[in-house]
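**Student:** Take this sequence and fold it.
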Amino acid sequence: MKDLRLPLNQRRRFTQPLGKLISGKREDTIAEVVSFFKQERELNEGLDYKIYCVGDIVAQDFLENAYLREMIKICIIDEKTKRQRIDTPFKEFFEQIIELKNPTGTISKDMWSKLKELIENNRRVLVKIVDGEEDLLVIPLICGFSLSESIKSYVFYGQPPVTDSEKPIPEGLVMVEVTKHIQRIVTELTKLMEKY
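**Tutor:** I've put the predicted structure just below:
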């Protein structure tokens, strides 16, 4: 794998939600996610549900909700939101806190193997990006899963509002169930990025 960079002419493509967009205020989106998982777990007793969060606000909201917190495996943050410093709650919840670098607008080549390894280790991990940002790490995270019939894995990330596209996209939370289909879509997206 090489380092990948998002070209300026492809930025709009990468603003499209990869999964279900739950729009609304933060407290409303979290309530909808809680409701979703309660129904899912009732219908699929015996399945293991795992949550992976990318982004500081998403991680904060999920960690502050006791019901969702118990399903969290990995949170990827950079301790910034809209260029302001932000502190992540419940750091003691994690079994491991690691610091990594990922330059802004890129996916560092090391992220593919590192995130896959963290998923497979099955520990509660807080990944802090200390140099750069976490936005594009949704892509190697989704690609890092080996799918299992007994586990349902969901990746959540924040959706900023997009007003300059054909169809405006409201602000909200994106919920991605990790499947072979979504892994193929994400792999195709990487082909639009520049290797450097």
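**Student:** for residue 71, phi and psi?
**Tutor:** phi -100, psi -10 (degrees, to the nearest 10).
**Student:** Just give the nearest non-adjacent residue to it, would you?
**Tutor:** residue 51 (4.4 Å; CB to CB, 6 or more residues apart in numbering). C-betas here are computed from N, CA, C, even on glycine.
**Student:** who touches that neighbour in this structure?
**Tutor:** Contacts for residue 51 (CB atoms under 8 Å, 6 or more residues apart in numbering) come out as 62, 68, 71-73, 153-154, 156.
**Student:** Next: residue 158.
**Tutor:** 55, 57-58, 171-174.
**Student:** redo that, cut-off 7 Å
**Tutor:** Residue 158 sits next to 55, 57-58, 173 when contact means CB atoms under 7 Å, 6 or more residues apart in numbering.
**Student:** try residue 180
**Tutor:** residue 147.
**Student:** From residue 66, how far off is it?
**Tutor:** 32 Å (CB to CB, to the nearest Å).
**Student:** Count the neighbours of residue 69 for me.
**Tutor:** 15 (other CB atoms under 10 Å).
**Student:** Quick check: neighbours of the helix-or-strand element of the chain with minimal mean pLDDT in the sheet, parallel or antiparallel?
**Tutor:** Ranking every helix and strand in the chain by mean pLDDT, DSSP states H and E puts strand 84-85 at the bottom, with a mean of 80. Pairing partners of strand 84-85, with direction, according to DSSP bridges: strand 80-81 (antiparallel).
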